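Asks: Just need the structure, nothing else, for what follows:
(chains A and B)
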Protein chains: 2
Amino acid sequence: RILAAIEEALSPSKDMAGQRVLITAGGTREAIDPVRYITNRSSGKMGYALAQEALRRGAQVTLVTAPTGLEIPAGVEAVMVESAEEMRRAVLERFERVDVVVKAAAVADYRPLIQQDQKLKKKTDRLLLEMVKNPDILAELGQKKDRQVLVGFAAETNDVETYALDKLGRKNLDLMVANDVTQPGAGFGTDTNIVTIFNRQGDKEKLNLMSKTEVARRIFDKVIEILSARV
Amino acid sequence: RILAAIEEALSPSKDMAGQRVLITAGGTREAIDPVRYITNRSSGKMGYALAQEALRRGAQVTLVTAPTGLEIPAGVEAVMVESAEEMRRAVLERFERVDVVVKAAAVADYRPLIQQDQKLKKKTDRLLLEMVKNPDILAELGQKKDRQVLVGFAAETNDVETYALDKLGRKNLDLMVANDVTQPGAGFGTDTNIVTIFNRQGDKEKLNLMSKTEVARRIFDKVIEILSARV
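Replies: Residues are numbered from 1 along each chain as shown, chains lettered A, B, ... in the order given. Predicted coordinates for the structure are as follows:
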């Protein structure tokens, strides 16, 4: 087993050679004014691990990424975005040309209705920030897709399975990776994750705590299964 | 001049030996729910450069810092905080024991009135986020101070000098460092800054584009002047 692992590391099976994979990563930033914005606790680590793993398996990788503190993996085509709307445009422009899309980014559900040109002054004791819903990129891709394998993520703090299954069906996904971000070692900022992977047939695989690299491996194993079953 | 610079680098004048300096850095995070928060574009670089410079001059340095991607300088006592309220408590607890306070952090002016325990679901097309004013830490320190030298920062996008002078007086500061964050090379995220330093006598010194390390040096030169004039 050790020998097999070394052999694999030295000469990995390029089982995704020829596949064009688009991955989104990071937490989008929704501007309130030139200085302030709304964002979320996504570190980008899961998305970057996915990009690295797809690359290792021989895929041609595009990473559409919101700001993170991480380095872009060498060999990846990176597209830097900030807001959900910018991410949406970057993904839609490329969607027809790709075979697999993994949406690991934490896209803000709402953005401020108005983005001020100048820094807001704190005059009043209270402030009402009017927010509007952002486009649901994943649902839009689910409607548009023909051959593409579409993988979504659900980061929840409660009723993880219910929300995950609902999103899988409603958004027409092939796989849904769900994690409870309240568990220690899971979700935002950590190098590890605890996820359950759901497919369209209603199967679920609950994985133990493992590195995000290992989670990425398991996800692409399932993507390959789906692609193989189609041929 | 070159020889003097080398000499200074090798054996710096410890002109702040015995001084206890508290520096705040980074942009505070104001939680909307367990996943989402409001923050700002502060990178923490100016605050960390100040901590490094005070240390180099022999001061005993406490850095009260909101999350940044930066490493805590060795030799600095670091206090990690997230929200404005956490920063306020950390600073107030230590205020009586310090001689100099430099508030380089970008503290959120407003926070959500309610912090949800669970991740908000995106049910409605619109969302009104009710925000309340955060405590003004700098003004509170200005009221409390006796011997402390108090240095504030103003990051503005317009009418920089007007706002800076207003804050200097109103908050009872000794120095105000103002920068126009819309200028290239100034403000958030960059390694350089373009600032004007105002004092209580109404003098202003407009500095050219320089590294944040050099800006830190100029600020402490002025702090030393104030401390020396008192003796």
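Asks: Can you get me the centre-to-centre distance for stretch A:129-141 and its chain?
Replies: Relative to its chain's centre, stretch A:129-141 lies at 15 Å (Cα atoms, centre = their mean, to the nearest Å).
Asks: How about it and chain B, touching?
Replies: Yes: Stretch A:129-141 is in contact with chain B by Cβ under 8 Å from any Cβ of the partner chain, via A:129-133. Where C-beta positions appear, they are placed from N, C-alpha and C, glycine not excepted.
Asks: now those residues as CSV including distance to A:Lys212, pLDDT and secondary structure?
Replies: Listed next are the residues of stretch A:129-141 next to chain B as CSV, based on distance: Cβ to Cβ, whole Å; pLDDT from 0 to 100; DSSP: H, G, I helix; E, B strand; the rest coil:
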residue, distance to A:Lys212, pLDDT, secondary structure
A:Leu129, 33, 93, strand
A:Glu130, 36, 95, strand
A:Met131, 30, 95, strand
A:Val132, 32, 96, strand
A:Lys133, 29, 95, strand
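Asks: ChimeraX command for the buried members of those residues?
Replies: Buried residues among the residues of stretch A:129-141 next to chain B (16 or more other Cβ atoms under 10 Å in any protein chain shown), as a ChimeraX selection:
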select /A:129,131,133
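Asks: Determine the number of other residues adjacent to A:Gly18.
Replies: Neighbours of A:Gly18 under the rule other Cβ atoms under 10 Å in any protein chain shown: 9.
Asks: what residues are up against it?
Replies: A:58, A:60 (Cβ atoms under 8 Å, 6 or more residues apart in numbering or on different chains).
Asks: What does it show for phi and psi?
Replies: With angles defined as degrees, to the nearest 10, A:Gly18 sits at phi 90, psi -10.
Asks: how far is the lengthiest helix in chain A from where the chain is centred?
Replies: The longest helix of chain A (DSSP state H) is helix A:212-230. Distance of helix A:212-230 from the chain centroid (Cα atoms, centre = their mean) equals 14 Å.
Asks: Around chain B, which positions in chain A sit nearby?
Replies: Residues of chain A lying near chain B (Cβ under 8 Å from any Cβ): A:32-41, A:69, A:106, A:108-110, A:113, A:118-120, A:122, A:124-133, A:155-158, A:181-182, A:188.
Asks: still on that earlier bit, so which elements touch the longest helix of chain A?
Replies: helix A:45-56, strand A:100-103, strand A:149-156, strand A:175-180, strand A:192-193, strand A:195-199 (3 or more Cβ pairs under 8 Å, 6 or more residues apart in numbering or on different chains; DSSP states H and E).
Asks: List the buried residues for that helix?
Replies: For helix A:212-230, by 16+ other Cβ under 10 Å, it's A:212-220, A:222-224, A:226-227.
Asks: ok, and the closest non-adjacent residue to the spatially most central residue of chain A?
Replies: Among the residues of chain A, A:Ala104 comes closest to the average C-alpha position under Cα atoms, centre = their mean, at 0.8 Å. Excluding its sequence neighbours, the residue lying closest to A:Ala104 (Cβ to Cβ, 6 or more residues apart in numbering or on different chains) is A:Gly47, at 3.7 Å.
Asks: helices and strands of chain A: which one has the lowest mean pLDDT?
Replies: Scoring the helices and strands of chain A by mean pLDDT, DSSP states H and E places helix A:2-10 at the bottom, with a mean of 67.
Asks: quick one: contacts of the helix or strand that comes right after it?
Replies: For helix A:2-10, the following helix or strand on the C-terminal side (DSSP states H and E) is strand A:20-25. For strand A:20-25, the surrounding residues in contact (Cβ under 8 Å, 6+ apart) are A:42, A:44, A:46-48, A:50-51, A:54, A:59-66, A:68, A:87, A:91, A:94-95, A:97-105, A:107, A:137.
Asks: go with 7 Å
Replies: With Cβ atoms under 7 Å, 6 or more residues apart in numbering or on different chains as the test, strand A:20-25 has contacts from A:44, A:47-48, A:50-51, A:54, A:59-65, A:68, A:87, A:91, A:94, A:97-105.
Asks: how many degrees apart are that strand and helix A:212-230 in direction?
Replies: Here strand A:20-25 points in a direction 140 degrees away from that of helix A:212-230 (axes from the mean of the first three to the mean of the last three Cα atoms, to 10 degrees).
Asks: could I get strand A:20-25 in CSV with only the CA atoms?
Replies: Extracted C-alpha coordinates of strand A:20-25, given in CSV (Å, rounded to 0.1, in the frame of the first residue of the first chain):
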residue,chain,number,x,y,z
ARG,A,20,-12.0,21.0,-18.9
VAL,A,21,-12.8,21.8,-15.3
LEU,A,22,-14.1,25.1,-13.9
ILE,A,23,-13.9,25.7,-10.1
THR,A,24,-15.1,28.7,-8.1
ALA,A,25,-13.5,29.6,-4.8
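Asks: can you tell me how far the most far-flung residue of chain A relative to its centre sits from B:Lys133?
Replies: Residue farthest from the centre of chain A, counting by Cα atoms, centre = their mean, is A:Lys123 at 38.7 Å. Distance, A:Lys123 to B:Lys133, by Cβ to Cβ, to the nearest Å: 9 Å.
Asks: chain center to stretch A:67-77: distance?
Replies: 14 Å.
Asks: contacts for that stretch?
Replies: Contacts of stretch A:67-77 (Cβ under 7 Å, 6+ apart): A:25-26, A:29, A:43-45, A:48, A:51-52, A:55, A:61-63, A:78, A:82, B:69.
Asks: could you point out where chain A is predicted with low confidence?
Replies: Scanning chain A for pLDDT under 70 picks out A:1, A:4-5, A:7-12.
Asks: Give the burial count for the residue nearest to A:Ala104, as a bare number.
Replies: 28.
Asks: Please apply the same query to A:Arg29.
Replies: A:Arg29, neighbours per other Cβ under 10 Å, totals 22.
Asks: go on, A:Asp159?
Replies: 12.
Asks: One more: A:Gln116?
Replies: 14.
Asks: A:Arg88 against A:Ile137, yeah?
Replies: Yes: if you go by Cβ atoms under 7 Å, A:Arg88 and A:Ile137 touch, sitting 4.9 Å apart.
Asks: So the two - more neighbours on which side?
Replies: Neighbour count, other Cβ under 10 Å: between A:Arg88 and A:Ile137, A:Ile137 has more, with 26 against 21.
Asks: ok, A:Lys133 - contacts?
Replies: Per Cβ under 7 Å, 6+ apart, neighbours of A:Lys133: A:109-110, B:122, B:125.
Asks: separation between A:Pro14 and A:Leu55?
Replies: Not Pro; residue A:14 is Lys. 10 Å.
Asks: who's more crowded, these two?
Replies: A:Leu55 (19 against 12).
Asks: Just confirm the more buried one contacts A:Leu63, I think it does.
Replies: No: counting by Cβ under 7 Å, A:Leu55 sits too far from A:Leu63 to count as a contact (9.5 Å).
Asks: picking that back up, buried subset of the contacts of stretch A:67-77?
Replies: A:25-26, A:29, A:43-45, A:48, A:51-52, A:55, A:61-63, A:82.
Asks: send the alpha carbons of stretch A:28-35 over as PDB?
Replies: Output for stretch A:28-35, consisting of C-alpha atoms alone and laid out as PDB, is shown next (Å, rounded to 0.1, in the frame of the first residue of the first chain):
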ATOM      1  CA  THR A  28     -17.600  37.100  -2.700                       C
ATOM      2  CA  ARG A  29     -17.400  40.700  -1.500                       C
ATOM      3  CA  GLU A  30     -20.500  42.900  -1.900                       C
ATOM      4  CA  ALA A  31     -19.600  46.600  -1.600                       C
ATOM      5  CA  ILE A  32     -21.500  48.900   0.600                       C
ATOM      6  CA  ASP A  33     -19.200  51.900  -0.300                       C
ATOM      7  CA  PRO A  34     -15.600  52.200  -1.500                       C
ATOM      8  CA  VAL A  35     -14.300  51.000   1.900                       C
END
